[in-house]
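J.: Quick one: sequence plus predicted model below, questions after.
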Amino acid sequence: MEKTDWRTAVRVYAEDSVCIDIYVEPGASSQRIGPYDPWRQRIKVSVGSPAHDGKANREILRAVSDLLDVPVANVRIQRGATTRRKTLRVDGIGLEAVIEALSGTLDGEGDVPT
């Protein structure tokens, strides 16, 4: 995979557990997952909540859990809780399922709202 391929931001963490590297845009006008940022090598996640009192982090966890169809309790911030560059850990799902879910958002023309 080339660094311009969004799949480089997704990797196996453990059995039935995947890590996803994201870059967060808090306070956005709409909630979106995508596009992939090849410079940062992360998937952009835009949320309407401000980066204050963990509101944006909670919205990110909900958006990812909805997209991947896993309970929100299965999504956690592995690294970067106080920065825009985060690594999420998603338990209870395999790499193939994550790639399939993200493909619908990241493989098309532009990004697709969540």
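T.: Ah, there it is. Numbers count the residues shown, from 1 in each chain.
J.: Quick one: residues contacting the nearest residue to I20 once chain neighbours are set aside.
T.: Ranked by CB to CB, 6 or more residues apart in numbering and with sequence neighbours excluded, the top spatial neighbour of I20 is L88, at 4.7 Å. (Each C-beta comes from the backbone N, C-alpha and C, glycine too.) When contacts are counted by CB atoms under 8 Å, 6 or more residues apart in numbering, L88 touches 19-20, 22, 60-61, 64, 75-78.
J.: Three-state assignment for L88, please.
T.: L88 carries the three-state label strand when classified by DSSP: H, G, I helix; E, B strand; the rest coil.
J.: Dead centre of this protein: give me the residue that sits there.
T.: I22 (5.1 Å; CA atoms, centre = their mean).
J.: give me every residue that touches that residue.
T.: 9, 42-45, 60, 85-88.
J.: quick revisit: and the residue nearest to I20, bridged to which residues?
T.: For L88, the beta-bridge partners are I20, I77 (DSSP bridges).
J.: Show the model's pLDDT score for it.
T.: On pLDDT, L88 comes in at 98.
J.: And it, how close does it get to S29?
T.: Using CB to CB, to the nearest Å, L88 is found at 23 Å from S29.
J.: all helices of this structure, in order?
T.: Here the chain has its helices, by DSSP state H, at 55-68, 95-106.
J.: what comes up buried for the first one?
T.: Buried positions in helix 55-68, judged by neighbour count with 16 or more other CB atoms under 10 Å: 56-57, 59-65, 67-68.
J.: same deal with the shortest one?
T.: For helix 95-106, burial by neighbour count (16+ other CB under 10 Å) applies to 95, 97-98, 101-102, 105-106.
J.: Show the average pLDDT along that helix.
T.: pLDDT averaged over helix 95-106 gives 93.
J.: Kindly report the same for the first one.
T.: The average of the pLDDT scores along helix 55-68 is 96.
J.: what do you get for stretch 34-45?
T.: For stretch 34-45, mean pLDDT is 95.
J.: first vs last residue of it, how far apart are they?
T.: Start and end residues of stretch 34-45 are separated by 6 Å (CA to CA, to the nearest Å).
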